[in-house]
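Chemist: structure for this input, please:
(chains A, B and C)
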Amino acid sequence: MRGGSQSRRRRHHVRTVAIAAAAAVLVIWTVLPFVWILLTSLKNPGDIISVPPKFVFKPTVSNYVALVLGNHRGNYASARPDFPLFFLNSVIVSTGAVALSVLASIPAAYALARFTFPLKGALGFIFMSFRFVPFLAFVIPLYLLYQRVGLYNTHIGLILAYQLITLPFTIWMLRSFFMEIPLEIQEAAQIDGCSWLGTLTRVILPLSMPGIAVTVILGFMFCWNAFNYPLMLAGRETFPVTVGAIQFISYEQVLWGQMAAATIVSALPQLVLSLMVQKYIVRGLTMGAVR
Amino acid sequence: MSVRRRRRRGRFLPYLLLAPALILLVGMVYPFGLGLYYSLNDYWLQFPKRFHFIGLGNYVNLFGKPLFARAVEFTLGYTLVAVTIQVGLGLAVALFLHARVPGRRTMRAMMLMPLMIPPVIAALMWKVMMDSTRAGILNYLLSFIGVDPVNWLGSPHAAIVSVLIIDTWGNLPFVSLILLGGLQALPTEPYEAARVDGAGPAAMLRYITLPLLRPFIILAATFRVMDSLRIFDVIYATTMGGPDDATTNLSIMSYQYAFQWYQMGMAVAETIVLLAMVVIASYVLLRMWNRSAESAAQ
Amino acid sequence: MRLQRRSLNNLLLAMPFAMGGVREASAQGDEALAYYHQAKIDWRQAAGKSLTIAMNKHPFTESLLPLLPAFKALTGISVDYLILPEDQYFTRIAADLSSQQGQFPVLMTGPMRNWEFVSGDWILPLDDFLTDPKLTDPSWYKMEDFYPALIEANRWDGKIGGGVGKGSLYSIPVMEESYILAYRKDIFDRYHIDVPTTYEGMAEAARQVKKNAGIAGIVARGTPSIASLGTGFISGLKSYTNNQWSELNAKMKADFDDPRSVKYTEMWVDMIRESGPPNWADMQWYDAMDAFTAGQAGMIADCDFFAAGYEDPSKSKIAGKVGYAMLPPGSDGKTYSGLWTWALGINKAAKSKEAAWLFVQWATSQHTLLEATVSYRNYNPSRASITKDPRVQKTVGAWGDGSYVKTVEKNLETAQVAWVPEPLRVRLGNIWARALQAIYFRRMSAADALKNASKECDQVFQEVGLSGQ
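Modeler: Below you'll find the predicted structure:
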């Protein structure tokens, strides 16, 4: 009896240790890069390249200051601070792209969710399929086209190109949220004499506000993450933070500290937003396929 | 009844509602068509006078390039290995977080962090950590368990593994969370029945969980296959296709044709080949998903 | 609230200048203005125009930025700028040039890049500006002050396969680089290692450094790009073959697999595999330079002017410990270093060509270039008068106990543009450099890899219809 309970306790002990070890591996694996980048962003250049790496050092905010104010050498303001501009570009382009997509998607998603019509399946599939087309198939012709029509290196050009990222997503997400609204509510409204527009604005939209908010936030985040399109369609004046972050490779040195600081600053809005829509992220990433 | 009523409202209403989105769609299809046309032409940005129609010449030319064969091999091989690993590990993590482990809520929230970091930024972070000459933290940490310095991005095999690590870090949470969602949605009755029959945890995993989870696994794999076939950001920010072309996939090669050598026709031809692969893979996988979703629903 | 926000913005915008930028620049401006006014041209003939200049990240670029207000005061032309790291820079320039939008009237180019741009008919010859008395005062500008070899390097008659130094001048050099051997004098002395005079000797020296000092014997660039070949590697190859070999033969067929080239490439790659850093294949020029500056390597065969970094005590761990020598000669006893100049050129689609030229003239004038070298370590000067300036002499003269100045001077006697003029050099370089990686990782023998590379190169040339005259 006693032996049995002891071995059970030992087994329990082993189990606890195994779980703790697995949890530790998972946490370190996930968080280490963030911690290390945060530390790097607070180091001066000497500490960054020290061998072995330093965990204890005198922190400095100079990398963050340099992001905002530019670099200084001697008495001269030697480099224009680009990062605030990149950040602003990210905000402008992401906001614009999501706004355009959501406005176009609300009626489209409503049609796909609540109407039957020929070509419905095909159209839905075509919108969805853009999620899977290799970006270069668009970006190379767009690059050539934009040069000619003057959209290269403009916010508008990027907002239009970003529709490839956002539009399929917003249509399918909104469709899935609209479909969750019970048909009975809609029919009740129609019996009360609401037109399709009235049904949409007075019933569907208010009821799916949380869903629209989630769609907007996730769409914004996908735009914020975009790298391929701006890499080829934007110039320094319109670079977003993602392309901006790889700009810290300069003539004389790789500015690891500033690159790390830029990483932290550009990831911050993402992290805050992602906590807000935690529950919906998987749904967003699968375009509504998994709820 | 309601359907009939809606029909009366006008057959064109749905198309009207779709119009704004359709206009944007045309804006997407047009450059794609233009690209398709370019792929049939000899088109060098540097020699505009050479522009002329050559039919499938670019494709023929491409298939003759030794690097193209290596790029196809890497694209497919990488996808196979990456998806297998990510789905395998993702399943393990999902099962772990599904078990009544203390702190699993926090861990779940934490898993969202890599997911929301732009992949290119994640790649840059890892690149700093993978530094082999200066003060790479990874090599430093590995030295404690007696591992010699790894030449992360400087040798062909290690570079492939490095890209795989970075990619997996960013996408493992996606797979885990999908599968976790699937686990939480599974019915409890089969497990109760199995417990009555005296089945152990391994048998339950093998005979109940995995079959029921199948649609979720296929869905996660589908998304990962598509993205792995097209992976670009991570490779661009770390190895740029090297060393010794070991991490050159079709996207990277096409990028080089377009933006380093300005050979636009060839570049688009290459993305069309990639597109064909994606279409075939998605067709097969989506069929599998449909079938498994149907059988799971029954 | 609104007011507050605006004042915060103003504050942010003003900060960099408040820290001394503008005051210094304008104080200097008064004195400098008088100098520029000695030129007998009307600096204000394009007043009111604006220019956007495209620049590569470079000390020269850094030196220009604070002086831009002075240029505006002189000419009434306002200047905006775009600065990008090198690879992105050329991608962006090609986009603008090929679309003929003229977004960047002035751009940074150089001899080999001109070949691409001239083939596309994208940049202007500058001779007409130089001879127009309305635009240029030759006695003030002093074209003869530029080192003749550098001006020649920027001339090309447009003939594929030849004609460098002939024909039109397409850009005006703002700096010069040739390729030399920098080595750790302290380590070489301590372990009695000889400064190499042959390529076998270089490999041996690298081996000795690695064995004795425990650091990489030599560090070099290795990424698969033209940039990895164009400095130490090709200079050595040209010297090893007594300048009797070129990457393209008279029929414009690639000749990488010439037996001498194969032998040299084998030695070079073996040396790096045996004694170089483990991540050679991933090394950009700045990685190689950083590694040497951080004291992690015994030798580097690369740009001469990297010495400005090695000898900068605020950044370097090896300041004062470096010796400089020419790359080993071939059997004829001579070294044939490659040559590059960053230079300013003018976009053919420029809207105001006069404004663009005034800027180029101002930026390459004695006074501006002197400022770039003295205050921003823009080395090596492209004008003889700047090299002779006592401040420059004092700085440079101290490097390597004077061995730097002597080496570079001697090097320039035989330095030359190492490449055969043709517009596909970047592509050719990529194919060739990838062959080096295949050899390094032992995927192929040197002979096979270089033979395949030659074949691939010929095929590309054929695709685009390029051949000798």
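Chemist: show the contacting residues for residue A:276.
Modeler: Shown here is residue A:276, whose contacts under the criterion CB atoms under 8 Å, 6 or more residues apart in numbering or on different chains are residue A:217. Any C-beta I mention is one placed from the backbone N, CA and C, and that applies to glycine too.
Chemist: ok, it to chain B distance?
Modeler: In this structure, residue A:276 lies at 11 Å from chain B, with CB to the nearest CB, to the nearest Å as the measure.
Chemist: for that residue, give me the pLDDT.
Modeler: Residue-level confidence at residue A:276 comes out at 82, pLDDT.
Chemist: for it, give me phi and psi.
Modeler: With angles defined as degrees, to the nearest 10, residue A:276 shows backbone torsions of phi -70, psi -40.
Chemist: measure it to residue A:282 for me?
Modeler: Separation of residue A:276 from residue A:282 (CB to CB, to the nearest Å): 15 Å.
Chemist: likewise for residue C:353?
Modeler: Relative to residue A:282, and taking CB to CB, residue C:353 is found at 58 Å.
Chemist: neighbour count winner among these two?
Modeler: It is residue A:282, of residue C:353 and residue A:282, that has more neighbours when counted by other CB atoms under 10 Å in any protein chain shown, with 23 against 19.
Chemist: right, and residue B:55 touches residue B:39 too?
Modeler: No: using CB atoms under 8 Å, residue B:55 and residue B:39 do not qualify as a contacting pair, with a distance of 10.3 Å.
Chemist: who's more crowded, the two?
Modeler: residue B:39 (27 against 9).
Chemist: which residues lie in contact with that one in this structure?
Modeler: Neighbour list for residue B:39: B:58, B:59, B:265, B:268, B:269, B:272 [criterion: CB under 8 Å, 6+ apart].
Chemist: now for the fifth one, how many residues are close by?
Modeler: Which is residue B:269. Residue B:269 has 26 neighbours, counted by other CB under 10 Å.
Chemist: how about the secondary structure of it?
Modeler: With DSSP: H, G, I helix; E, B strand; the rest coil as the basis, the three-state label of residue B:269 is helix.
Chemist: quick one: contacts for it?
Modeler: Applying CB under 8 Å, 6+ apart, one finds that residue B:269 lies in contact with B:39, B:58, B:59, B:62.
Chemist: and those residues, which is closest to chain C?
Modeler: Distances from the contacts of residue B:269 to chain C were compared by CB to the nearest CB; the smallest belongs to residue B:58, at 9.9 Å.
Chemist: ok, that closest one touching residue B:37?
Modeler: No: taking contact to mean CB under 8 Å, the distance of 11.6 Å between residue B:58 and residue B:37 leaves them out of contact.
Chemist: which one of these two has more residues nearby?
Modeler: Between residue B:58 and residue B:37, counting by other CB under 10 Å, residue B:58 is the more crowded of the two (26 against 14).
Chemist: what about the residue lying closest to the more buried one once chain neighbours are set aside, distance to chain A?
Modeler: Sequence neighbours aside, residue B:269 is the residue nearest to residue B:58 in space, at 3.9 Å (criterion: CB to CB, 6 or more residues apart in numbering or on different chains). Using CB to the nearest CB, one obtains 10 Å as the distance from residue B:269 to chain A.
Chemist: does the one helix or strand residue C:431 maps to come close to chain B?
Modeler: With the criterion set as DSSP states H and E, the secondary-structure element containing residue C:431 is helix C:425-440. Yes: counting by CB under 8 Å from any CB of the partner chain, contacts between helix C:425-440 and chain B involve C:426, C:427, C:430, C:434, C:437, C:438, C:440.
Chemist: got it, and stretch C:75-92?
Modeler: Yes: on the criterion CB under 8 Å from any CB, stretch C:75-92 is in touch with chain B at residue C:91.
Chemist: I'd say residue B:118 and residue A:225 touch.
Modeler: Yes: A contact is recorded between residue B:118 and residue A:225 when judged using CB under 8 Å, the distance being 4.0 Å.
Chemist: now do the shared contacts for the two.
Modeler: Both residue B:118 and residue A:225 are in contact with A:242, A:270, where contact means CB under 8 Å, 6+ apart.
Chemist: if we ignore the residues flanking it in sequence, what's nearest the residue at minimal distance from the centre of chain B?
Modeler: Geometric centre of chain B, nearest residue: residue B:227, 1.9 Å, by CA atoms, centre = their mean. Nearest residue to residue B:227, sequence neighbours excluded (CB to CB, 6+ apart): residue B:171, at 7.2 Å.
Chemist: give me the buried stretch members for the host helix or strand of that neighbour, please.
Modeler: With elements delineated by DSSP H and E, residue B:171 resides in helix B:156-185, which encompasses its position. By neighbour count on 16 or more other CB atoms under 10 Å in any protein chain shown, the buried set for helix B:156-185 is B:156, B:158-160, B:162-183.
Chemist: cool, and stretch A:171-188?
Modeler: The neighbour-count criterion (16+ other CB under 10 Å) identifies A:171, A:172, A:173, A:174, A:175, A:176, A:177, A:178, A:181, A:186 as the buried residues of stretch A:171-188.
Chemist: again with stretch C:71-84
Modeler: Within stretch C:71-84, the residues that qualify as buried by neighbour count (16+ other CB under 10 Å) are C:71, C:73, C:74, C:75, C:76, C:77, C:78, C:79, C:81, C:82, C:83, C:84.
Chemist: can you redo those residues as a markdown table with pLDDT and secondary structure?
Modeler: Converted to a markdown table, the buried residues of stretch C:71-84 look like this (pLDDT from 0 to 100; DSSP: H, G, I helix; E, B strand; the rest coil):
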| residue | pLDDT | secondary structure |
| --- | --- | --- |
| C:71 | 93 | helix |
| C:73 | 92 | helix |
| C:74 | 93 | helix |
| C:75 | 94 | helix |
| C:76 | 94 | coil |
| C:77 | 95 | coil |
| C:78 | 92 | strand |
| C:79 | 92 | strand |
| C:81 | 86 | strand |
| C:82 | 84 | strand |
| C:83 | 81 | strand |
| C:84 | 78 | strand |
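Chemist: keep only these that also lie close to chain A.
Modeler: Applying CB under 8 Å from any CB to the buried residues of stretch C:71-84, one finds that C:82, C:83, C:84 fall near chain A.
Chemist: what's around residue B:152, how many residues?
Modeler: Applying the criterion other CB under 10 Å, we find 26 residues in the vicinity of residue B:152.
Chemist: next one: residue C:38
Modeler: Taking other CB under 10 Å as the neighbour definition, residue C:38 ends up with a count of 10.
Chemist: over to the residue lying closest to it once chain neighbours are set aside: give its phi and psi.
Modeler: In this structure, residue C:38 finds its nearest non-sequential neighbour in residue C:140, 5.7 Å apart by CB to CB, 6+ apart. Residue C:140 adopts backbone torsions of phi -90, psi -40, taken as degrees, to the nearest 10.
Chemist: contacting residues for residue C:140?
Modeler: The contact partners of residue C:140, taken as CB under 8 Å, 6+ apart, are C:38, C:39, C:40, C:365.
Chemist: from chain A, how far out is it?
Modeler: Spatial separation of residue C:140 from chain A under the definition CB to the nearest CB is 26 Å.
Chemist: how near is residue A:69 to chain C?
Modeler: Taking CB to the nearest CB as the criterion, residue A:69 is separated from chain C by 5 Å.
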